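>>> Sequence and predicted structure below; questions after.
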Amino acid sequence: MLLKLLKYDFRAMWKQFSLIWGAALVLALVNRFTLFRDIGYDIISNSSLLTLAFMGVVIAMIVLSVSFVADRFSKGLLGSEGYLMHTLPVWPWQLVASKLICGVVTWMISGAVAFVSPFLMAPMDWSILMEFGFWRDIMRGLTQRPDTLLLLFEFCLMVVAVMLQFIASIYLALSIGHLLPRYRRLGSVASFIGLYILLVNLYSRVFSAHVVRALLDVTTSNVYGSLLTAIATLLIPAALFLAAVCWILNHKLNLE
């Protein structure tokens, strides 16, 4: 059933983001052929406008990604769509997991588009990437340093952990705000700020403890241990937040 929920959420994601993702990539390609050409005043003026349009699309994409995560959870589980979603033969954690996975994938694709777009704009020779010698040199470097792939994998996991914690904080803030009889949006914003302050104080207090510091000295003796420790410190609060969200959906849900 989780796969069916994911199919429904991914379909909604594609309808909302396919246009803006494509627009960012197309504008990047258009800027590539106009921005770095100095053949007249009109070309420079048009390039400036296209660059501003590209920057506006990227900013809108980032804002829309954050609002999409909050809006899908709020409407789908706490709002009008909740009457349908909570009648499905699934557990609340499956509903939350579907929204969470879709949110993480949305942010990953938006981040990838925002990362790739400037490279599409850059005046570089892409034919180099198609040469066999280029990839042969990369494979030779990876063979000499195989730990590079592990380090890259752990870094990607840490980025995903950051997304999970941030989305879990949004979900819990929205759930706490839902408990209020009035001013739910204001309560959600205040709850999110409170959760952020709580995390900052918790991290500062926990990491200052002598036992934890001694444990960190052991686990962070190299960069691999440091990344794994960072991932754990991000995922533990995220798991607690998501457990609290599921508890609220199970025991305190009020769709009136």
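That came through fine. All figures in this text were calculated on a predicted structure; none of them were measured in a lab. Numbers count the residues shown, from 1 in each chain.
>>> Could you list the low-pLDDT ranges of the stretch 101-250 of the chain?
122-148, 206-226 (pLDDT under 70).
>>> mind listing the helices in it by residue range?
Applying DSSP state H, counting those that start in this stretch to the stretch 101-250 of the chain gives helices spanning 132-144, 147-178, 184-206, 210-219, 223-251.
>>> from memory Leu227 sits against Phe155, does it?
Yes: applying CB atoms under 8 Å, one finds Leu227 in contact with Phe155, separated by 6.4 Å. (C-beta placed from N, C-alpha, C; glycine too.)
>>> So which of these two has more stuff around it?
Leu227 (20 against 14; other CB atoms under 10 Å).
>>> can you pull the contacts of that one?
Leu151, Glu154, Phe155, Leu157, Met158 (CB atoms under 8 Å, 6 or more residues apart in numbering).
>>> Met163 and Ile193, how far apart?
19 Å (CB to CB, to the nearest Å).
>>> Those two - which one has more neighbours?
Neighbour count, other CB under 10 Å: between Met163 and Ile193, Met163 has more, with 21 against 11.
>>> tell me the mean pLDDT over stretch 77-86?
The pLDDT scores in stretch 77-86 average 80.
>>> That one spans what distance, first to last residue?
7 Å (CA to CA, to the nearest Å).
>>> State the separation between that stretch and the centre of the chain it belongs to.
24 Å (CA atoms, centre = their mean, to the nearest Å).
>>> go on, stretch 229-245?
Distance, centroid of stretch 229-245 to centroid of chain: 15 Å (CA atoms, centre = their mean).
>>> Give me the contact list for it.
Contacts for stretch 229-245 (CB under 8 Å, 6+ apart): 93, 96, 100, 154, 157-158, 161-162, 164-165, 168-169, 171-172, 175, 195, 199, 202-203, 216, 219-220.
>>> I'd like to know how far the residue most central in space within the chain sits from Thr87.
Geometric centre of the chain, nearest residue: Trp107, 3.4 Å, by CA atoms, centre = their mean. According to CB to CB, Trp107 and Thr87 sit 29 Å apart.
>>> Equivalent analysis for Arg182, please.
27 Å.
>>> Mind telling me what element Leu88 is part of?
When elements are assigned from DSSP states H and E, Leu88 belongs to no helix and no strand.
>>> doesn't Tyr8 make contact with it?
No: counting by CB under 8 Å, Leu88 does not reach Tyr8; the two are 10.1 Å apart.
>>> Domain ranges for this protein, per the record?
13-124, 125-256 (automatic domain parsing).
>>> Those into a markdown table, with extra columns for distance to Met1?
What follows is these, written out as a markdown table (distance: least, CB to CB, whole Å):
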| stretch | distance to Met1 |
| --- | --- |
| domain 13-124 | 5 |
| domain 125-256 | 16 |
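>>> Among those domains, which comes closest to Leu3?
Closest to Leu3 of the domains of the chain, according to CB to CB: domain 13-124, at 9.0 Å.
>>> and that closest one, how far from the chain's centre?
With CA atoms, centre = their mean, you get 11 Å for domain 13-124.
>>> With stretch 163-175 instead?
11 Å.
>>> same thing with stretch 8-28?
15 Å.
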